[in-house]
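Participant: I'd like to go over a predicted model; first the sequence, then the structure.
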Amino acid sequence: MPRTYISSLKSGELVEDVFLVLKKEVKETKEKKPYLNLQLADKTGFLEARKWDAARQLCDSFNKDDFVKIKGVVETFNNSLQIRINEICPVAETQVRMGEFIPCTERDVPEMMNELRQIMKTIKDPHLSKLLDAFFSDEAFCRVFSASPAATQYHHAFLGGLLEHILSVARLAVSFASLYPAIKRDLLITGVILHDIGKTRELSCDRSFQYTDEGQLTGHLISGVLMVSEKAMKIEGFPPELLNVLFHMILSHHGEYEWGSPVKPGTPEAIALHYLDNLDAKVHAATKAISEHKDTSSSWTDYMKMFERRLYKK
């Protein structure tokens, strides 16, 4: 029997299937009765869910990142769908197919990697070319890079999301550099390909997407600089100034202090990287929010923290 995916659920529909627990909170009603406040997920998205009158034994029977089978009803609350759970029980990982629960790029990964390598071949600067080759000739790195998400939510939060995002920004950079001859093309494209390289160490994607210890302690900007430094130091004669400029592009690509950059973009290439990166992330997040918004009675999405506004859907 085919499973019921979250993206297809409608208000009033009965649901009986297995989901991944993204969030679990045990709360109390005004009458001091415990209930479960959950966020359930599959590869197509997630929904809030409630189990009222939840006995303590039930609350303790599973944790975040476990799988549960539920029986319940889809309801509309504050113009958003949620599930009122009638029955819930834990399910062993051996009984589920992981591909049903972890979102993955819809594009062909080897094809994307090949296109990115073709862009790399256009880099004429020997030091930058060797630096990129140091990363992408490493099969272990390529496996992690091509499977990593670009974020835990908002944009490209799926397996292969990092590769898809980097390739999209690289395409933009190729076009952008042809319009602005003063831009150092090789530097811009190299910075684009390496700017989020630290996310291969920052994010974990075993089940749900989470931050690793390194990700929480240092973040992908610092991890990215360390990774580039490790490779560059093994390349004979790599110019220190060129390395510093690359470091600057990685550290400044968020653009603002309040967005996590320790420095603001201070070169034309760093400025271009910031805006091209931001453009791809924002457009992807906007189109995703619009396509996944389930309230057909409204012309607007819910409020989005990323944009500090609702988005028009029509």
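Facilitator: Nice, I can see it.

Participant: Pull out the buried positions in the strand ranked longest in the chain.
Facilitator: Assignment by DSSP state E gives strand 14-28 as the longest strand of the chain. By 16 or more other C-beta atoms under 10 Å, the buried positions in strand 14-28 come out as 15, 17-22, 24. (Glycine included, C-beta is placed from N, CA and C.)

Participant: which helices and strands sit right next to it?
Facilitator: With contacts taken as 3 or more C-beta pairs under 8 Å, 6 or more residues apart in numbering; DSSP states H and E, strand 14-28 sits against strand 34-42, strand 67-77.

Participant: Now stretch 198-209: buried residues?
Facilitator: So, applying 16+ other C-beta under 10 Å, buried residues of stretch 198-209: 198-205, 207-209.

Participant: taking these one by one, which sit in helices?
Facilitator: 199-202 (DSSP state H).

Participant: Among these, which one sits closest to residue 309?
Facilitator: When these are ranked by distance to residue 309 (C-beta to C-beta), residue 199 comes first, at 26.7 Å.

Participant: quick one: contacts for that closest one?
Facilitator: By C-beta atoms under 8 Å, 6 or more residues apart in numbering, the residues touching residue 199 are 148-150, 162, 220, 223-224.

Participant: Now do it, the pLDDT please.
Facilitator: Listed pLDDT for residue 199 reads 91.

Participant: I'd like to know how far it sits from residue 209.
Facilitator: Computed as C-beta to C-beta, to the nearest Å, the residue 199 to residue 209 distance reads 10 Å.

Participant: next one: residue 72
Facilitator: 25 Å.

Participant: wait, which of the buried residues of stretch 198-209 is closest to residue 38?
Facilitator: When these are compared against residue 38 (criterion: C-beta to C-beta), the nearest one is residue 208, at 12.8 Å.

Participant: returning to that earlier point: so what sits against both of residue 199 and residue 209?
Facilitator: Jointly contacting residue 199 and residue 209 under the rule C-beta under 8 Å, 6+ apart are residue 149.

Participant: that older thread, mind giving me CSV with the ones in helices among the buried residues of stretch 198-209 and columns for distance to residue 235?
Facilitator: Listed next are these as CSV, based on distance: C-beta to C-beta, whole Å:
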residue, distance to residue 235
199, 23
200, 20
201, 21
202, 24
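
Participant: Let me know the closest of the residues you listed to residue 255.
Facilitator: residue 199 (17.1 Å).

Participant: Helices of the protein, start to end?
Facilitator: Counting by DSSP H, one finds helices in the chain at the ranges 56-59, 109-120, 126-136, 139-147, 161-179, 185-194, 199-202, 213-217, 219-232, 240-252, 268-292.

Participant: among those, which is nearest residue 11?
Facilitator: Using C-beta to C-beta, the nearest of those to residue 11 is helix 268-292, at 15.5 Å.

Participant: tell me which residues in the closest one are buried?
Facilitator: In helix 268-292, counting by 16+ other C-beta under 10 Å, buried: 269-274, 276-277, 280-281, 284-286, 289.

Participant: Report the beta-bridge partners for residue 14.
Facilitator: residue 73 (DSSP bridges).

Participant: so it sits right up against residue 73, yeah?
Facilitator: Yes. Using C-beta atoms under 8 Å, residue 14 is in contact with residue 73, at 6.0 Å.

Participant: which stretches of the stretch 101-250 of the chain aren't confidently modelled?
Facilitator: Where the stretch 101-250 of the chain drops to pLDDT under 70, the residues are 152-155, 206-208.

Participant: Would you check how far apart residue 53 and residue 34 are?
Facilitator: Distance from residue 53 to residue 34, by C-beta to C-beta: 8 Å.

Participant: No further questions, thank you.
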